[in-house]
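> Give me a model of this one.
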Amino acid sequence: LKLTVVRQGLEENFTVNPIRVDSKDLFGDAVTYYDPGFSHRMKPVIAKVAPGQPAEEAGLEAGDVILFIGGRPTPDWQDVLMAIQGPPEERDSTTPKAVRPLVFEVERQGRTMTLEVTPKLNPGFNTDGDTTFTPMVGMESRPEVLTEKVGLIRAAGMGIEEAGRMIGLTLLSVQKLLSGQVSAKTLGGPILIAEVAGDRARAGLTPFLNLAAFISINLGILNLLPIPMLDGGQLVFFLLEAIRRKPLSSRFREIAQWTGAALLGLLMVTVFYNDIARLVTRMRTKTEVQTIETTAPARPAPPVAADTP
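Residues are numbered from 1 along each chain as shown. Have a look, this model is predicted:
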């Protein structure tokens, strides 16, 4: 890669040779990407504080610049995540871990403030359907976003492209579920949809509309699966009748409809069970975290120069 960068007002040219990295995607399939060995920096500025969460209860506000956590400097948002959640390989643990109070030193309107924040474990689930526990405080970063205005025709094309990506992801998810590569415990029903929709609504109109589009596409694709009682099953009936050149027997259609009803009923029971199990796990996790007694680490004193009186 030939790079031209601006450093202290002067342009400099560099040649970077990315290193091949073999990894896995969301579904555990092998993927390959090339890492140039650098990443962008995100300023440790709080963009939003969720109501009722530890950050708000401790007094953190939008616009605060996080200077230190636990006495360690946090020049980048990744440093903030590291202090709260630990290294990436230790996050999303399937075993609840003790949380400890963290001392935040923030800058607000030119003043430096010290606040104590105790994270709480946020239950989630991985691709195996196992419950995970991630320490969180309920705040969001403020990424620098560049917005480009596009015309109606280009916007329509980009929308079709994004819809195609969502369709492909949905079909891949169904394939992984049927093959057993993704656990049925990852399925969610109305309760999970309501929770995610609430999170997206609080994040803003655009994330909420993206979720609505994704759910709509999901329902459209699932409705076309060859299962009796769904539109996809009816299309299969029509195809069989076209091949046979005569209607299907009433007995065959009745058995097929009952089979489809049983499959849909099993699906509904599964998603409701998953939703309720997650709620029970979340309630149980809150109780366990509240009983943990820990002490906050003190920020180390700054070094003193030898010639300082």
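> check contacts around the closest residue to Phe125 other than its chain neighbours.
Closest residue in space to Phe125, ignoring its immediate chain neighbours: Thr131 at 5.6 Å, by C-beta to C-beta, 6 or more residues apart in numbering. For every residue, glycine as well, the C-beta is placed using N, CA and C. Contacts for Thr131 were tallied using C-beta atoms under 8 Å, 6 or more residues apart in numbering; they are Thr94, Pro123, Gly124, Phe125, Arg278, Thr281.
> ok, so of these, who is nearest Ile46?
Ile46 lies nearest to Gly124 out of the contacts of Thr131, by C-beta to C-beta, at 21.9 Å.
> Pretty sure the closest one sits in a helix.
No. If the criterion is DSSP: H, G, I helix; E, B strand; the rest coil, then Gly124 is strand and not within a helix.
> What residues does the residue nearest to it when sequence neighbours are not counted make contact with?
Distance criterion C-beta to C-beta, 6+ apart; nearest residue to Gly124, sequence neighbours excluded, is Thr132 at 4.8 Å. When contacts are counted by C-beta under 8 Å, 6+ apart, Thr132 touches Asp92, Ser93, Thr94, Pro123, Gly124, Phe125, Asn126.
> farthest pair in the residues you listed?
Farthest pair in these, by C-beta to C-beta: Ser93 and Phe125, 12.3 Å.
> Tell me which of these two has more neighbours.
The neighbour comparison of Ser93 against Phe125 (other C-beta atoms under 10 Å) goes to Phe125, with 20 against 15.
> wait, what's in contact with that one?
Counting by C-beta under 8 Å, 6+ apart, Phe125 has contacts Thr131, Thr132, Lys185, Thr186, Arg278.
> Walking through the protein, point out its strands one by one.
Applying DSSP state E to the chain gives strands spanning 2-7, 10-15, 19-24, 30-35, 46-49, 65-69, 72-73, 102-108, 111-117, 120-125, 131-136, 139-141.
> Looking at those strands, spot the one closest to Phe272.
The nearest among the strands of the chain, by C-beta to C-beta, is strand 120-125 at 15.4 Å.
> contact partners of stretch 195-206?
Taking C-beta under 8 Å, 6+ apart as the rule, stretch 195-206 contacts Ala50, Glu140, Gly188, Pro207, Phe208, Asn210, Leu211.
> Next one: the fifth one from Glu148, what distance?
Okay, so that is Phe208. 22 Å (C-beta to C-beta, to the nearest Å).
> Which one of these two is surrounded by more residues?
Neighbour count, other C-beta under 10 Å: between Phe208 and Glu148, Phe208 has more, with 17 against 5.
> how close does that one get to Leu169?
19 Å.
> Now the buried members of the contacts of Thr131.
Among the contacts of Thr131, those buried by neighbour count (16 or more other C-beta atoms under 10 Å) are Pro123, Phe125, Arg278, Thr281.
> Which residues are in contact with the last one?
Pointing back at Thr281 there. Contacts of Thr281 (C-beta under 8 Å, 6+ apart): Pro123, Thr131.
> Which single one of the contacts of Thr132 is nearest to Val271?
Among those, and counting by C-beta to C-beta, the member closest to Val271 is Phe125, at 12.9 Å.
> Most widely separated two among the contacts of Thr131?
Thr94 and Arg278 (13.6 Å).
> Show the backbone phi and psi for Arg142.
phi -120, psi 80 (degrees, to the nearest 10).
> Cheers, nothing more for now.
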